[in-house]
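K.L.:
Structure of the sequence below:
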Amino acid sequence: MVKALRVHETGGPEVMRFEDVEVGDPGPGEARVRHGAIGLNFLDTYFRSGLYPAPAGLPFIPGNEGAGTVVALGEGVTDLAVGDRVAYVGPLGSYAQERLVPADRLVKTPAGIDDKTAAGMMLKGMTARYLLRRTFKVTPDTVLLFHAAAGGVGQIAGQWARHIGATAIGTVGSDAKAEIARAAGYTHVINYRTENFVERVKEITGGAGCDVVYDSVGKDTWAGSLDCLKPLGLWVTFGQSSGPVPDFNLGLLGKKGSLFVTRPTVFSYIAARADLLETAGDLFDVVASGAVKIPVNQEYALADGVKAHQDLEGRRTTGTTVLIP
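P.N.:
This is a model prediction of the structure:
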């Protein structure tokens, strides 16, 4: 038996229970992984609250991201060995001391990247990678707006955009977070609590607007995000920390300049093994080069997962947070 956080009914952070679970031996194509660290992401709160239904129903173990060591292998797994250090994103179930993971979802962790960094970078880092390199291919000529610039994905994206040479505008909710965003490479930072971000974007861009807006906030920012785009610009809505985007008439996109909209998820971009390896490899390379640093700013014991979720949803965290089994 190992310890895990499980959800028996959806709701607030308090529904998670720290309890014994049976892991079992790995089946064909599986590996058993002992976690050294587990990534905490806003996505986890969506499953816990019931906003996103858990694929296997209740009860379930939350969490999509982890790093650790292979302790057992199932039949047919030939490209891993017991003792290998690995990291992964998905499937659900990382809030546990040990777990079974499909071997084709695991990537070997390079030497020099510890478990805390690996666990904190996989989901956020691969999200930043697909957003900047595939959803919209950012170049030195790109002007982009990134909401929640001091968050985990936001800080990685800011550094990566700076590395590319793009003009990156970030929004934050406090002066303290503005300093974090500036340190992460944003060319311009807007505190949306004291400034109108749409007006500031128009001022910064000389009225031209942005090529792309990356929006993980949702309800509170979607309308303004559209107003920040230049004609034929792309709005990328990839989260909803303030609540879901309301239904709206698609004709609005035409009125605002024939805008494009997409709602991507990292899991679509890494569904194929080759895409997973390419995405993770690109992330590992940019981190190893020093161009992108992974700020693990908060650590909680796995047993304190309720507090971790409370702090995450209360916007009392910055950068990356990990749970330690």
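K.L.:
Give the helix, strand or coil label for the residue nearest the centre of the chain.
P.N.:
In the chain, the residue lying closest to the centroid (C-alpha atoms, centre = their mean) is K124, at 3.2 Å. Classification of K124 using DSSP: H, G, I helix; E, B strand; the rest coil returns helix.
K.L.:
Now do the contacts for A274.
P.N.:
Contact partners of A274, counting by C-beta atoms under 8 Å, 6 or more residues apart in numbering, are absent. Quick note: C-beta positions are derived from backbone N, CA and C, even for glycine.
K.L.:
ok, back up a step: separation between the residue nearest to the centre of the chain and G257?
P.N.:
Relative to G257, K124 is positioned 31 Å away (C-beta to C-beta, to the nearest Å).
K.L.:
cool, and F146?
P.N.:
20 Å.
K.L.:
These two: which has the busier surroundings?
P.N.:
A count of neighbours by other C-beta atoms under 10 Å puts F146 above the other of F146 and G257, at 29 against 13.
K.L.:
you'd agree Q310 is in a helix?
P.N.:
Yes: the assignment for Q310 is a helix, going by three-state DSSP.
K.L.:
I'd guessed it sits against P13; true?
P.N.:
Yes: counting by C-beta atoms under 8 Å, Q310 touches P13, with 5.0 Å between them.
K.L.:
ok, those two, which is more surrounded?
P.N.:
Comparing Q310 with P13 by neighbour count (other C-beta under 10 Å), the higher total belongs to P13, at 18 against 14.
K.L.:
OK, contacts around the more buried one?
P.N.:
Contacts here follow C-beta under 8 Å, 6+ apart; on that basis P13 touches 45, 48, 305-307, 309-310, 313.
K.L.:
And it, how far from T45?
P.N.:
According to C-beta to C-beta, P13 stands 8 Å off from T45.
K.L.:
Identify the contacts common to the two.
P.N.:
The contact sets of P13 and T45 overlap at 309, 313 (C-beta under 8 Å, 6+ apart).
K.L.:
related to what we said a few turns ago, just the contacts of P13: which has the poorest pLDDT?
P.N.:
Least confident by pLDDT among the contacts of P13: that is E313, with 92.
K.L.:
doesn't T45 make contact with that residue?
P.N.:
Yes: applying C-beta under 8 Å, one finds E313 in contact with T45, separated by 5.9 Å.
K.L.:
tell me, which strand in this protein spans the most residues?
P.N.:
strand 30-40 (DSSP state E).
K.L.:
tell me the mean pLDDT for that one?
P.N.:
For strand 30-40, the mean per-residue pLDDT is 98.
K.L.:
start the count at 44, not 1, going forward
P.N.:
I'll keep to 44 as the first residue from here, and by that count the last item is strand 73-83.
K.L.:
what's the spacing between that strand and its chain's center?
P.N.:
Counting by C-alpha atoms, centre = their mean, to the nearest Å, strand 73-83 is centred 17 Å from the centre of its parent chain.
K.L.:
same for that strand, what does it pack against?
P.N.:
Strand 73-83 sits against strand 108-116, strand 128-132, strand 141-145, helix 158-173, helix 348-356, strand 363-367, with contacts defined as 3 or more C-beta pairs under 8 Å, 6 or more residues apart in numbering; DSSP states H and E.
K.L.:
any idea which of these is most buried?
P.N.:
Most buried of the helices and strands packed on strand 73-83, by mean neighbour count (mean count of other C-beta atoms under 10 Å): helix 158-173, with a mean of 26.
K.L.:
Quick one: classify the nearest residue to L302 once chain neighbours are set aside as helix, strand or coil.
P.N.:
Among residues not flanking L302 along the chain, L296 sits closest, at 4.4 Å (C-beta to C-beta, 6 or more residues apart in numbering). Of the three states, L296 takes helix under three-state DSSP.
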